[in-house]
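# Got a sequence here, can you build the structure:
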Amino acid sequence: MDLSIFAILTQDGIASGAVYVLLALALVLVFSITRVIFIPIGEFVAFGALTMAALQAGTPPQSALLLLVLGLACFAQALFGTLRGASVGQSRTRVLGASFLKFVLLPAALYAAARAVDGAALPMLAQVLFTFAIVAPMGPMMYRLAFQPLAESPVLVLLIVSVAVHLVLLGIGLVMFGAEGSRTTPFSSHVFNLGTLSISGQSVVVIATAVLLIGALYLYFDRTLSGKALRATAVNRRGARLVGIGTTAAGRLAFLLASSIGTLCGVLIAPLTTVYYDSGFLMGLKGFVGAIIGGLASYPLAAAGALMVGLLEAYSSFYASSYKEVIVFTLIIPVLLWRSIVHPQVEEGEA
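Residues are numbered from 1 along each chain as shown. Modelled structure (predicted):
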């Protein structure tokens with residue numbers, strides 16, 4: 001390996017690592033607030049990429065139909081809960097009206113728009129926004145249907161549910177998008193030349209977007225009331241509930257942020273590599289390795305660990321491309337051993 005090859009691999013590693021950093025931050029966010037290990041985040045990566053690809057191909061994205069089905073299920077759940085509850089009269093009507101608008105009318109409008117509009121004729125920014133409008137709302141809907149009723153369950157139960165949701169979405173992804181992979185048009189086709197090193201414009205877009213989003217998340221958690229409420233819920237869920245913070249709403253917001261980040265990662269990575277219906281799972285696992293390095297609690301350590309994963313993957317692809325996945329996931333073993341030695345085991349009931 002000479003210096004030019006090292007520079008090229010480092011560029012690729014940083015670009016991939018930027019995506020893994022975002023996924024790791026999303027996993028830490030969801031786990032710290034809801035205690036859910038959000039395994040299905042990989043499906044949001046794949047759904048975001050493949051929805052964008054369908055729009056650019058001029059094909060109505062089937063993910064819009066999935067959004068409508070999830071919305072109808074959420075409305076049925078809200079209807080059942082409202083009818084069982086103590087609210088009556090105008091209060092009950094207002095709740096049902098808001099639920100009908102949010103879970104039925106808006107998804108139905110998006111589904112109708114997806115069927116009627118030629119996505120290939122839309123500007124790229126409109127395609128990105130349409131993709132987010134279809135895929136990102138699935139996060140809080142998924143939380144409402146699968147995780148909210150079990151919010152106080154042990155972490156193991158939540159993990160089993162998360163695996164089940166991942167498997168269901170994996171099968172749905174195969175039905176919606178098929179087994180063929182897709183790529184999207186790059187946001188930038190410009191090439192920057194630094195001496196003998198050529199840097200693609202898409203890689204610059206990925207890295208810049210990741211940096212901007214990390215900065216935006218920092219400001220959100222530090223300066224906004226809802227961000228501080230999420231931080232309080234992450235620190236002490238019971239204490240946050242006692243001071244009037246809605247932990248259920250915090251869980252939905254955490255899932256919305258995570259699904260939005262996953263969708264963004266899919267949109268960013270699709271021009272660089274062919275994405276299949278199951279491609280997001282490996283990307284999510286690599287983000288999970290970074291999150292584990294941060295102990296599923298520390299955002300800076302998770303970001304540093306995810307960036308390390310991206311660089312290790314790039315260098316491994318040069319020396320042992322057949323074993324690069326094995327090398328990356330082996331990284332988790334010494335991390336777990338070190339954490340088990342440094343931090344004593346605590347039973348969940350004593351935490």
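# any idea which helix is longest in this structure?
In the chain, with assignment by DSSP state H, the single longest helix is helix 3-34.
# What average pLDDT does the following helix or strand past it get?
Once the chain leaves helix 3-34, the next helix or strand it forms, by DSSP states H and E, is helix 41-56. Taken as a whole, helix 41-56 carries a mean pLDDT of 94.
# now the angle between helix 3-34 and helix 41-56, please.
On the basis of axes from the mean of the first three to the mean of the last three C-alpha atoms, to 10 degrees, helix 41-56 is oriented at 110 degrees to helix 3-34.
# what helices or strands is helix 41-56 leaning on?
helix 3-34, helix 63-84, helix 124-135, helix 138-142, helix 155-177, helix 247-269, helix 279-293 (3 or more C-beta pairs under 8 Å, 6 or more residues apart in numbering; DSSP states H and E). C-beta coordinates here come from the backbone N, C-alpha and C atoms, glycine included.
# Please export the alpha-carbon coordinates of it; PDB is fine.
Provided in PDB are the C-alpha atoms of helix 41-56 (Å, rounded to 0.1, in the frame of the first residue of the first chain):
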ATOM      1  CA  ILE A  41     -33.100   1.000  11.600                       C
ATOM      2  CA  GLY A  42     -31.500  -0.800   8.700                       C
ATOM      3  CA  GLU A  43     -34.800  -1.200   7.100                       C
ATOM      4  CA  PHE A  44     -35.300   2.500   7.100                       C
ATOM      5  CA  VAL A  45     -32.000   2.900   5.300                       C
ATOM      6  CA  ALA A  46     -33.100   0.400   2.600                       C
ATOM      7  CA  PHE A  47     -36.600   1.900   2.400                       C
ATOM      8  CA  GLY A  48     -35.300   5.400   2.000                       C
ATOM      9  CA  ALA A  49     -32.800   4.400  -0.700                       C
ATOM     10  CA  LEU A  50     -35.300   2.200  -2.600                       C
ATOM     11  CA  THR A  51     -38.200   4.700  -2.300                       C
ATOM     12  CA  MET A  52     -35.900   7.400  -3.800                       C
ATOM     13  CA  ALA A  53     -34.800   5.000  -6.500                       C
ATOM     14  CA  ALA A  54     -38.500   4.200  -7.400                       C
ATOM     15  CA  LEU A  55     -39.300   7.900  -7.600                       C
ATOM     16  CA  GLN A  56     -36.400   8.600  -9.900                       C
END
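# got the angle between that helix and helix 124-135?
Using the same axes, to 10 degrees: helix 41-56 against helix 124-135 is 130 degrees.
# Measure how far helix 41-56 is from the centre of its chain, please.
With C-alpha atoms, centre = their mean, to the nearest Å as the basis, helix 41-56 stands 11 Å off its chain's centre.
# dump the residue contacts of the residue minimising distance to the centre of the chain.
By C-alpha atoms, centre = their mean, the chain has its centre lying nearest to Gly262, at 2.7 Å. Counting by C-beta atoms under 8 Å, 6 or more residues apart in numbering, Gly262 touches Leu23, Ala26, Ile41, Gly42, Glu43, Phe44, Val45, Gly48, Gly139, Gly280, Gly284.
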